[in-house]
Structures are given as C-alpha cells and as structure tokens.
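Visitor: Predicted model and sequence follow; I will ask about them next.
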Number of protein chains: 2
Amino acid sequence: MEIPVNAERLWQRHLEMARIGAIAGGGVNRASLSPADRASRALMVRWAEARGFGVFVDPIANLFVRRSGREQSPAVLTGSHMDTQPLGGRFDGMFGVLAGLEALEALEDAGIETLLPVEVVVWTNEEGCRFNPGCMGSMCFTGQHVPADFHDVEDSDGVTFGAALNEALAALPQARRRSFGPPPTAYVEAHIEQGPILENLGKTIGVVSGIQGVCWYEIMVHGQSAHAGTTPRSARQDALCEAVAMIAALQAEFHDPTDTVRFTVGKVVVTPNSPNCVAERVLFTVDLRHPETAILRRLCDQVEAICRGHARHCRLEIRETLTVNACTFDPRIMTLISQQAAALRLPMTVLPSGAFHDALFLQRIAPTGMVFVPCAGGISHHPSESASPADLAAGCRVLAGTLLALAS
Amino acid sequence: MEIPVNAERLWQRHLEMARIGAIAGGGVNRASLSPADRASRALMVRWAEARGFGVFVDPIANLFVRRSGREQSPAVLTGSHMDTQPLGGRFDGMFGVLAGLEALEALEDAGIETLLPVEVVVWTNEEGCRFNPGCMGSMCFTGQHVPADFHDVEDSDGVTFGAALNEALAALPQARRRSFGPPPTAYVEAHIEQGPILENLGKTIGVVSGIQGVCWYEIMVHGQSAHAGTTPRSARQDALCEAVAMIAALQAEFHDPTDTVRFTVGKVVVTPNSPNCVAERVLFTVDLRHPETAILRRLCDQVEAICRGHARHCRLEIRETLTVNACTFDPRIMTLISQQAAALRLPMTVLPSGAFHDALFLQRIAPTGMVFVPCAGGISHHPSESASPADLAAGCRVLAGTLLALAS
C-alpha cells in the first residue's frame, strides 16, 4: 500500500525546526535540554496534538508521539534525537524525528488503520556534548542505566543533568508521564548517513546492516630529547621518528582493499615540540572501527605488536581507552526496508553505520534497523551539513512503509 | 698575564640563573622574551651595575654589558644567549654569557686596563622555539635582517614577536638604548660542546674550526576534517596520514651510512587534534644540516619534491625559514685560543660545531672564534645537560685570556 508521504510538509518542518537554535552558516546549536531543545520539543508536541496523536514523556524526558492501533500492544517505535553538536547541522537526528512524524501523519491522511500502535520517540541527549556521555535517553529506556546515574553530571556552566531534566519535564505539562515500559515490538531509525558512500554510489537508500565496533588507544613513545645539530642519528632515541614509523606501519597493516576498516590517527602531541630538538615523547591516538566484532578484535590485537615492532630505541606505553563491540541489525527488518525501497524503485545499498546512534542500544531489547539517506559530501556535525528534500522524502517513504508492515 | 677568574663565583651564578625558569630534573624552560627570560636579563643587569659596567640594549633587545677601554673604538665582543629550549638545561647559552661576565669581573678584580672596550652580549632569541627562526638578535645585529622582518611572527599562543619585544625593552629602563652600531673588533663565544667529542677524547678545551650549515623548513599539509567513524579512507583528505608518509620518506632519503647528515623533525602541530576527527591540517618542521655547503644544498633541493610526492589528496605549503651556509672561523682567533689553552696547560683539540650559534652570523662581519668545553655524555637541550665547575672555569680562563689579547 502506497503511503502518501508529503515531501513538502516534511521539508518545511526541517526548515522550521532549523530556526530554533540557528547559527551562522545555516547550522544549528541546540544543546540537550537547553531552551532551544525545550522549544523544539514544544513545537513537536503542538504538531502532534494538532493531529490528535497521544503525547507521552518518560522519566528521562524521552518524548513519545503515539498513533494508536487496533490492539493495545507494545508499539512499533521510530525516531531519533533533536539535540545537536555545538556547531551542528539541520538534519543529524532531526530527520529521524520528522520522518517518523511525517509517517504518522501520512498514515492519518490516508486513513490507514494499523494493528499495533506506532510511536515516534525523541531521545534525550544523544550527542553527549552538553552532558557526557551521549545516548542517555536510549540507555535508560533500554535498562543499561537509570536516570539517577546521570543526575549529578554537570555541563560546563555547572548545571546538573538532574536540574536540566526537571526543567524540561516541567516545560511539557501536556505530555502524559509514563514509565519506561516494555520493549517495543520493533525499532526503526531514519538518519542521514554522515558519510559519503550513498552519494558516491548514487544510491538514495542505505539499508543499515549494523553499527561498527570501535576501539580507542593512547600510545606514548618515550625517547630522549637531544640537540638536532650535534647528535648523530646512531646516538638518538627519537620518539617522533619511531612514532612516525609506527603510524605508517599501522596504516599499511590496516589498509584493506574493501575500505571497510576505519583507522584514524587524529591526535599527536610532541614534547618538547621544538624544530631543533629530537622529540623526547610523542603521544598519539588510534581510533579503529569495524562492523564485525571478531575482525575488529583481531585488528586491535595487532596494534601493540605493530607498535612494539617499531620501538627500536624508545620505550612504549599503550592504553586501550574505549571498547564498544559492533552490533548487527535484525535481518527481518533489513529485509523489510529493502523490500520497501525496491517497491518504490529507489536505488539502495546495504552499508554499516560508522557513527553511534540510539539504535545501538535499542537493538539490545528489540528487533532493530536503520534507514540512511545521503548527505552532501558525507559532511555532518557541521553547519554545512546538507540533504536534499527528495532524498529526505524517499527515506521517509521507506520508513513509513516499513513501519506499516511492522504494525500490520 | 694570568687573569684571576673566580671559578666559584662563575659556578654560583650558573646555579642562580638556573632557578629562573627551573623545571623538573634540574633543567630550565626560559623561552625567549618570556617572563623568565626578562627576569634573567634583569639579574644580569644587576650584576653588571654592581661592578659599574655600562648596560646597553639595541633595537632587537640584544643586551650589552660594557667594560670601557682606554680608547673609544669598536669593542672586543663576547657572549651568547640566555633563552632555552622548552626542556632545556643550565649551560647551553648561559655559560657563554656568564663566562663573559666573569672575564670582565676578573679583569676588574685585577685592575687590568685594556686598550679597547670589552663587551658581553646577550643575544635575543637564539633558540627559535618560541619565535621561529632562531638567532634573530644576531641576524639583526649583523644586518642579515631588520627587526621589522620578525614583528609579525607569532608564538603558539598568538603573541607576536613585536609585542614581546616591546615588553622586554620596556622591562629594562636602566639599559641605555643604542643602535646596532659598527662591527665589533672581534667576537669570541664560549659554549658547551653539545656533543661527545671532547669528553670522548679527554680534552678540556675545544678550538672550534667552524659551524655546519643548516636549513629549516615549515611544511603545512592542508586536508579536510571528517568523522573518523563514517568517512572511508578513499574519501579522506587526511593531513596527518600524508604528513606521516612525507616524514617517513624524508627519513629514508636522508639516511646516510656515514651518519654525517643531521635530519630532524622535532615539531608537529595537528588541527583539530581530536582522536575521532580526521586531521584538517598538520604543520611539521624539518631541520637539515651538513658540514659541506654543496652537499647540504643538494639535500635541501630534495625536500619539496619528496613531500610533494606524498601529497596525494592534500595541499602543501613549504616555507624555507632558515638557511645558513657552513662557515669556518678566523684562523688568527683559533690560534689565539690555542695559545691561551697551551699557556694554561689545558688539553685541547680542534673540532667543528654541529649546532649553530650566534657566532655563525658574527663571522660575517668580524673576526670570530668559539671556545668549547665538554658536557656530560654530549647531552644538551635536556634537563640532564651537565658540565663540571672545573671545565667551565677552564673555558672561562681561555676566553678571558683571548679577550685580553684581542683588546690589548
């Protein structure tokens, strides 16, 4: 059944939301539970109430918009987040929320009854830039944490998460309070890709296979500072020289022909960092990601050996600072998404997500999937973040069809 | 005539100066024109005024302590610098300044009148680690540059050299301003060797034959920041990845079996320097030295081509920030130094300098020489830099005798 998604309404709502917390360059700064975030929640509630949808809020201020089904069972859930990075864009998170709302409205416009209720959720604090860590809302909803775990977390002005949470809850008196409740029947999240794969392949729909795992390392190379003019190479313990050899070797080792491994050295700190001084110490980070946990683990197991193999005169310290296993999404949901895209004759591909999303936590308690749409140049977390109205509408049609199939 | 150098006074002054900018491990961090550098200048002026010596400062804040002669002619000049590397030691530069002051005081103690004035100079910014390049003071004094050439150079906090210079000049109201003036009659600089040759040969005095040539480069690699999790390798313009390839290639190319080439990358600055961000920009320095000008030139001519060969997706900017040809010192001054060492029965040898010194620029305008004393393990530019009181006193006696001979 074709669902009459309204591309123009979906686009206008993006533009309207982008005015809340607007910054230079077409971007948005809407920190979690800030006045701007509260304003965007209030607008979402007005749109929901105008269509007669139910509005609920849970103990960590996750906001739910509900279109009832014939049965009173756990809902088919969709959504994303409305908070942004400090120099954020108009689509990261917001597209998943507005595509969910548009799916509900399109079902309503067409008078389509579903068996199960369908809900759109706005997760609290996905980005984690005002209150660290991110994904607090989805972690509490899925039982990984309780809100009290985060009450004392402070933002950079000393405001606690607990205080900001109470303020946000008080600002939404029209939303009915409810507990976290049972797991949803399924969860499907739409999002911009935040990478260039769809654009480069000329595909409109990404059927997300899962979220890749990530390991972070901090590697410290201890050498000996010495005079650049007077110290022969053979007498040096050059921390920078050996760090460069390690980074080059890691790059070579993790260079895979399929371009699936994500290997990044993003941070290098040299001491004393003087042109005519052999480096005493070099700290560098490794960010290593792969969609398959077993492969990621195998790559990670090589990091230390590769570095040690190039520590010829220097001493090495290696710390693993972050470890998150990969997840794979439910094959039935991936199939449903693919079928919707095929029915709409939309070019698609299967791809993993390089970034985290709330779906990472939802997949622990419910069959979960994600739909990606292209973003220009793969750029996100930046005011220049951009997606086309046509791609957003296409992603919304696939989402709506998938939700309808799940709720039937 | 034996000059009554006071070894204990010379040693105590080293210890007193080492308290200004002291860091862990017995070292010193006294960046050029920093508060610590200004404090060491103020202490030098107090010592000079206590003996009735004249105190002068020139337009680039080179500081002069003058003991008058019978004639008003260009002075016999000695001295060195008081700024250090970030993780520097107590003797590099400071020994040449304090040995010069001790020579003046010993002449004064003995009531020895000289025909020509003898002056001790503290050159501004020899090290070049806060403001690039080094030797700004001696380059301006010798007419290679004018101070305005450097006014806009910024340190890593964005403070300009011009602003720091004005502050340093204002902090020395008791020093009389004077122009750069005519070339000195001669220039002799005492310094720790900063290499292991004297120690290995068991010699106390090094008669320096010249200084190897040096070229400095600043190489900026411009890439594009991107999300470490979502951006495939093939879509990246990873400035750090390419900088590492350039540095590794330069290292391989300049690896000579005789270990004569001195190649150092001592400084790397990454932007934004975040573990999960592909690097937008990387700045790195190259310090390249060789005793033969023709060979150094040939090596330098390869730097840009090697870097460009590894700039695959990034844009490159290369600046040559310092170029100094190798120099040989005045044979008459070398002979005078040797005669003083012989008269004092000090074991000596002739050797070249691997480090550059302000003497490199002075030799362009005046007969110039250098006296080296041993430093433990050849280590310098490090907190563990060490020299014995007896060797420092021996070097000071040779310096004082040489200055007296030149001023008579």
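Guide: It's in.
Visitor: For chain B, what is the nearest residue in the stretch 301-408 of chain A?
Guide: As assessed by Cβ to the nearest Cβ, chain B sits closest to residue A:354 within the stretch 301-408 of chain A, at 3.4 Å. Where C-beta positions appear, they are placed from N, C-alpha and C, glycine not excepted.
Visitor: For residue A:78, see how far away that residue is.
Guide: Shown here: residue A:354 relative to residue A:78, a distance of 21 Å by Cβ to Cβ, to the nearest Å.
Visitor: between these two, which one's more packed in?
Guide: Per other Cβ atoms under 10 Å in any protein chain shown, whichever of residue A:354 and residue A:78 has more neighbours is residue A:78, with 29 against 22.
Visitor: Any idea what that one is bridged to?
Guide: residue A:120, residue A:188 (DSSP bridges).
Visitor: my read: it touches residue A:103, true?
Guide: Yes - between residue A:78 and residue A:103 there is a contact under Cβ atoms under 8 Å: 6.8 Å.
Visitor: Which neighbours do those two have in common?
Guide: Both residue A:78 and residue A:103 are contacted by A:118, A:120, A:399, A:403, under the criterion Cβ atoms under 8 Å, 6 or more residues apart in numbering or on different chains.
Visitor: For chain B, see how far away the residue lying farthest from the centre of chain A is.
Guide: In chain A, counting by Cα atoms, centre = their mean, residue A:230 sits farthest out from the average C-alpha position, at 51.1 Å. The gap separating residue A:230 from chain B is 4 Å, by Cβ to the nearest Cβ, to the nearest Å.
Visitor: Also residue A:296?
Guide: 12 Å.
Visitor: Skip ahead from the strand or helix carrying that residue and say which helix or strand is next.
Guide: According to DSSP states H and E, residue A:296 maps onto helix A:293-309. Reading on from helix A:293-309 to the C-terminus, the next helix or strand found by DSSP H and E is strand A:315-324.
Visitor: Give me the angle between that following strand and helix A:293-309.
Guide: Relative orientation of strand A:315-324 versus helix A:293-309 (axes from the mean of the first three to the mean of the last three Cα atoms, to 10 degrees): 170 degrees.
Visitor: from the chain's centre, how far out does strand A:315-324 sit?
Guide: Computed by Cα atoms, centre = their mean, to the nearest Å, the chain-centroid distance of strand A:315-324 equals 24 Å.
Visitor: mind listing what's buried in that strand?
Guide: Across strand A:315-324, burial judged by 16 or more other Cβ atoms under 10 Å in any protein chain shown covers A:316, A:324.
Visitor: For the nearest residue to residue A:238 once chain neighbours are set aside, grab phi and psi.
Guide: Leaving aside its sequence neighbours, residue A:238 sits nearest to residue A:278 (Cβ to Cβ, 6 or more residues apart in numbering or on different chains; 4.9 Å). Backbone torsions for residue A:278, taken as degrees, to the nearest 10, come to phi -60, psi 140.
Visitor: and if you look at the one 3 residues further on?
Guide: When quoted as degrees, to the nearest 10, the phi and psi of residue A:281 stand at phi -140, psi 150.
Visitor: beta partners for it?
Guide: Bridge pairing for residue A:281 - DSSP bridges - gives residue A:222, residue A:271.
Visitor: so what pLDDT did it get?
Guide: We note a pLDDT of 97 for residue A:281 in this prediction.
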